[in-house]
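Peer 1: give the three-dimensional model of this entry:
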Amino acid sequence: MTSWRIPVAMTIAGSDSGGGAGVEADLKTFSALGVYGTVVITSVTAQNTREVRGVYDLPPDFVYLQIKTVVEDIRVDAAKTGMLSNPGIVGAVADAVGEFGIRLVVDPVMVAKSGARLLRDDALEALTRRLLPQALLVTPNASEAGVLAGFPVESVEDAKRAARAIHDKYGVPAVVVKGGHLKADRVVDVLFYEGDYYLYEAERIESGCLHGAGCSFSAAVTAFLARGLKLPEAVKMARGFMDYAIKYGVRVGGGHCPVNPMAYLEVPAYKYAAIENVRRAVEALLENQALVMPYAPEVGINVVEAPHPLYATSPGDVVGVEGRIVRAGGRLVKVGDVRTGASSHLARLVLALVKRGLKVRGAVNVRYGEDLVERARRAGLRVVFVDRRLEPPELKSREGGSMEWIAGLAGGEEPDLIYDVGDVGKEPMVRVLGEDAVDAVTKLLSILKTG
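Peer 2: Residues are numbered from 1 along each chain as shown. I've put the predicted structure just below:
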């Protein structure tokens with residue numbers, strides 16, 4: 001038996017049928033952060049990434065019953081609210097929060113990403129009068145902060161004034177004004193708490209996904225509070241969590257793409273898997289030195305693997321061998337460790353193939369040999385020849401341009417091997433490709449063992 005108890009959080013919010021926001025985003029966030037999530041549904045929406053087509057509010061007494069039923073059996077270390085569309089629901093939540101002493105984060109959801117109103121005017125009055133005074137924290141975005149504070153919020157200084165004004169006006173101990181819509185080069189979230197301001201800065205992710213960002217942020221703060229973090233640290237950690245969720249958003253639908261809370265777990269998980277695959281592949285190469293040695297190029301051999309396509313966006317995401325595998329004392333030797341960012345050219349080739357929708361994520365390079373290419377053809381593998389002399393000069397001079405050009409010549413089918421016979425300053429090279437690093441090296445060894 002163990003004395004450890006899993007932290008428990010509760011989301012009191014609407015359901016998003018598109019899965020990107022509301023309780024769906026909250027529960028993903030709780031799970032990603034190691035918190036057991038309980039759920040109280042306030043409204044059911046018919047929505048997708050483009051629009052909200054319908055809203056059905058649950059009866060306030062049933063909202064209260066959900067909270068009561070969970071609390072009476074399962075402790076709740078922290079809770080958050082999202083969509084509370086009418087004053088009856090706000091009142092039911094306020095009654096339950098007061099009765100059961102729930103630590104509460106309020107996300108004052110007013111408008112959906114698509115522009116649909118999710119909070120009625122009379123519900124706003126109930127929210128500010130009944131719920132905010134009982135909350136520990138409220139997390140408005142710039143426009144919501146402007147409504148609550150009573151003046152436009154456009155700059156970081158405006159956000160600081162608004163956070164203090166909301167605290168003074170409604171008695172909520174802590175206020176975070178989220179900085180995504182503020183006029184600043186970087187995203188700056190502003191926390192006012194116990195008389196002090198805390199500013200949390202992050203890079204703007206211009207190509208990121210934002211549907212459900214507010215829900216996930218408040219859920220992340222709630223999860224970290226449930227885990228026992230102090231409020232300023234919980235907000236800081238939630239800010240870092242959202243960088244993952246926004247950068248690696250899920251590209252579904254034709255409107256505002258949803259954030260991806262699971263990226264917080266999946267990025268390191270896929271990275272670990274790729275590192276393990278490359279290590280296994282390198283071991284296989286070094287165990288077959290006699291076969292591989294004649295094809296070791298002057299520049300050395302590298303073995304690479306890109307993680308899941310969703311998380312492979314730059315050479316820094318691709319796993320390779322630092323310093324490559326080189327000839328030393330009549331043997332092949334791995335120079336450095338296996339890590340992300342340890343390859344440039346081969347990593348760029350794999351990335352270019354991934355971006356074309358191909359299943360290739362692993363590769364190994366060896367010196368060109370006509371016999372090796374012929375063996376591959378006899379084995380029925382798809383072999384692609386690239387004449388480096390025909391490469392456009394503007395691509396040669398642009399970093400990564402050569403590998404993108406080579407990937408383009410592979411066409412829409414899965415290549416097994418891409419080779420060239422060199423050019424001025426370019427060593428003749430064979431690149432064996434696979435679904436992962438182990439597959440690529442296995443394929444290479446199979447070719448070399450073919451008579």
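
Peer 1: where in this protein is pLDDT low?
Peer 2: Filtered on pLDDT under 70, the chain yields the residue ranges 1-3, 111-118, 397, 399-400, 451.

Peer 1: so it: which segments form each domain?
Peer 2: Per automatic domain parsing, the structural domains of the chain span 8-261, 267-449.

Peer 1: out of these, indicate the one that is most buried.
Peer 2: Taking mean count of other CB atoms under 10 Å as the contact definition, the stretch among these with the greatest mean neighbour count is domain 8-261, which reaches a mean of 21. Quick note: C-beta positions are derived from backbone N, CA and C, even for glycine.

Peer 1: run the chain-centre distance for it.
Peer 2: Here domain 8-261 is found 19 Å from its chain centre; the criterion is CA atoms, centre = their mean, to the nearest Å.

Peer 1: between the two ends of it, what distance do you get?
Peer 2: End-to-end distance for domain 8-261, by CA to CA, to the nearest Å: 18 Å.

Peer 1: what's the answer for stretch 148-167, then?
Peer 2: Counting by CA to CA, you get 10 Å between the two ends of stretch 148-167.

Peer 1: please apply the same query to stretch 68-81.
Peer 2: End-to-end span of stretch 68-81 (CA to CA): 15 Å.

Peer 1: what do you get for stretch 285-299?
Peer 2: The first residue of stretch 285-299 is 16 Å away from its last residue (CA to CA).

Peer 1: neighbouring contacts of that stretch?
Peer 2: Contacts with stretch 285-299, where a contact means CB atoms under 8 Å, 6 or more residues apart in numbering, come from 301, 303, 324-327, 331-332, 334, 364-367, 369, 372, 427, 429-430, 441, 444-445, 448-449.

Peer 1: go through these and flag which are in strands.
Peer 2: Among the contacts of stretch 285-299, the ones falling in strands (DSSP state E) are 303, 325-327, 331-332, 334, 364-367, 429-430.

Peer 1: just give the nearest non-adjacent residue to residue 367, would you?
Peer 2: The spatially closest residue to residue 367, leaving aside those adjacent along the chain, is residue 297, at 4.0 Å (CB to CB, 6 or more residues apart in numbering).

Peer 1: which of the three states applies to that neighbour?
Peer 2: coil (DSSP: H, G, I helix; E, B strand; the rest coil).

Peer 1: next one: phi and psi at it?
Peer 2: Here the main-chain torsion angles of residue 297 (degrees, to the nearest 10) amount to phi -80, psi 160.

Peer 1: mind naming the longest helix for this protein?
Peer 2: helix 263-287 (DSSP state H).

Peer 1: for that helix, the distance to its chain's centre please.
Peer 2: For helix 263-287, the distance from its own C-alpha centre to the chain's C-alpha centre is 19 Å (CA atoms, centre = their mean).

Peer 1: and what of stretch 316-334?
Peer 2: Offset of stretch 316-334 from its chain centre (CA atoms, centre = their mean): 30 Å.
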